[in-house]
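Undergrad: Fold the following for me, if possible:
(one chain, ligands or ions: 1)
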Amino acid sequence: MSTPLNTFKTQGLTKVYGTGPAAVHALRGVDLEIPKGDIVVLLGPSGSGKSTLLNIIGGLDRASAGTAYFEDQNLTDMSDRELTRYRRDHVGFVFQFYNLMPSLTARENVELVTEIAQDPMDVDDALRLVGLGDRMDHFPAQMSGGEQQRVAIARAIAKNPTVLFCDEPTGALDSSTGRAVLHVLNDVNAKLGATVMIVTHAAATAAMAHRVIHFADGAIRTVEENAHRVSPDEIEW
Ligand SMILES: Nc1ncnc2c1ncn2[C@@H]1O[C@H](COP(=O)(O)OP(=O)(O)OP(=O)(O)O)[C@@H](O)[C@H]1O
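TA: So this is what the prediction gives:
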């Protein structure tokens with residue numbers, strides 16, 4: 001079988017939370033193609049459905065209608081067990097708050113994931129890739145916010161994910177620390193070939209993306225391809 005060109009393809013993807021007068025239409029028919037190996041930045045007002053989309057194609061939530069494919073697998077048809085396997089084998093998540101285990105060192109936090117992964121990276125290599133080669137035995141409380149976020153990224157990439165989802169990865173960081181974190185995401189994309197999807201309110205992040213998706217009111221308004229991508233070093237917010 002040929003290698004699929006898209007990491008994701010959705011058609012008419014719809015999500016309604018609740019029923020009757022309390023129903024919230026979080027996604028109103030999203031048609032989307034995400035090429036393999038792209039960095040994609042999703043922008044849009046609060047409540048426009050960005051996290052909902054990420055949660056559904058990340059296998060954390062279910063659509064109300066429509067289809068979502070990961071490569072040639074239909075996520076919307078999967079059982080809970082199959083979705084768990086999909087997440088375990090293919091998906092890395094990075095959130096605004098790093099969710100590290102405080103009683104474990106950087107290395108041990110990453111090992112938690114590599115112990116159950118199918119084809120993990122070497123833990124030390126993952127920490128070196130995020131620039132923490134000399135901080136592996138430090139605990140989260142001994143690290144800055146940016147360093148903790150880099151541990152979270154090392155943990156997410158150590159399973160060798162096909163796709164890395166980042167929901168406000170720089171939301172809790174000052175701009176220079178945030179740039180360092182974006183640098184790491186850029187490297188992960190360039191060196192590992194992972195498709196990287198970033199939801200952010202920091203609109204300037206769009207400059208480093210291959211593709212920028214603008215969301216509003218549960219739907220995609222525009223998709224732009226960046227002819228000239230900018231290095232994270234040049235991003236200001
Ligand atoms: N579990 C839930 N139950 C009910 N409504 C929800 C739930 N999760 C999200 N929503 C609603 O769905 C809509 C889309 O939310 P979503 O979190 O996807 O937006 P977002 O664009 O990611 O926003 P933000 O930028 O603030 O994170 C919002 O109106 C939100 O209140």
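
Undergrad: going forward, measure contacts between C-alpha atoms and count neighbours the same way
TA: OK.

Undergrad: Any regions of the protein where pLDDT drops low?
TA: Scanning the chain for pLDDT under 70 picks out the ranges 1-4.

Undergrad: mind listing what the spatially most central residue of it touches?
TA: In the chain, the centroid-proximal residue (CA atoms, centre = their mean) is Phe165; its distance is 0.9 Å. Residues counted as contacts of Phe165 (CA atoms under 8 Å, 6 or more residues apart in numbering) are Leu54, Gly58, Val91, Gly92, Phe93, Val94, Val196, Met197, Ile198.

Undergrad: In PDB, could you pull the C-alpha coordinates for stretch 36-47?
TA: Listed next in PDB are the C-alpha coordinates belonging to stretch 36-47 (Å, rounded to 0.1, in the frame of the first residue of the first chain):
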ATOM      1  CA  LYS A  36       2.000  14.600   6.500                       C
ATOM      2  CA  GLY A  37       4.900  16.400   8.100                       C
ATOM      3  CA  ASP A  38       3.300  19.800   8.200                       C
ATOM      4  CA  ILE A  39       3.500  22.300  11.100                       C
ATOM      5  CA  VAL A  40      -0.100  23.600  11.300                       C
ATOM      6  CA  VAL A  41      -1.100  26.500  13.500                       C
ATOM      7  CA  LEU A  42      -4.800  26.900  14.400                       C
ATOM      8  CA  LEU A  43      -6.000  30.400  15.300                       C
ATOM      9  CA  GLY A  44      -9.400  31.700  16.300                       C
ATOM     10  CA  PRO A  45     -11.400  33.300  19.100                       C
ATOM     11  CA  SER A  46     -11.900  31.700  22.400                       C
ATOM     12  CA  GLY A  47     -14.700  29.100  22.100                       C
END
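
Undergrad: Please work out which residues outside that stretch touch it.
TA: Here stretch 36-47 has contacts from 4-7, 26, 34, 50, 186, 189, 193-201, 203, 205-206, 208-217, using CA under 8 Å, 6+ apart.

Undergrad: elements contacting the lengthiest helix in the chain?
TA: For the chain, the helix with the greatest residue count under DSSP state H is helix 175-192. Judged by 3 or more CA pairs under 8 Å, 6 or more residues apart in numbering; DSSP states H and E, the packing partners of helix 175-192 are helix 123-129, helix 145-157, strand 195-199.

Undergrad: Would you mind putting those into TSV with mean neighbour count and distance to the ligand alongside?
TA: Shown next, in TSV, are those (neighbours: other CA atoms under 10 Å; distance: least, CA to the nearest ligand atom, whole Å):
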stretch	mean neighbour count	distance to the ligand
helix 123-129	20	28
helix 145-157	26	18
strand 195-199	25	8
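
Undergrad: how about the ones you listed in JSON lines, adding distance to His228?
TA: As requested, the helices and strands packed on helix 175-192 are exported to JSON lines (distance: least, CA to CA, whole Å):
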{"stretch": "helix 123-129", "distance to His228": "25"}
{"stretch": "helix 145-157", "distance to His228": "26"}
{"stretch": "strand 195-199", "distance to His228": "18"}
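
Undergrad: Between these, which one is closest to Asn109.
TA: Ranking the helices and strands packed on helix 175-192 by their distance to Asn109 (criterion: CA to CA) puts helix 145-157 first, at 6.9 Å.

Undergrad: is any part of the helix or strand just after the closest one close to the ligand?
TA: Note on helix 145-157: by DSSP states H and E, the next helix or strand toward the C-terminus is strand 163-167. No. Strand 163-167 lies apart from the ligand when judged by CA under 6 Å from any ligand atom; the minimum separation is 8.1 Å.

Undergrad: Can you name the residues bridging to Phe165?
TA: Here Phe165 sits in beta bridges with Phe93, Met197, going by DSSP bridges.

Undergrad: measure it to Ile116 for me?
TA: Separation of Phe165 from Ile116 (CA to CA, to the nearest Å): 19 Å.
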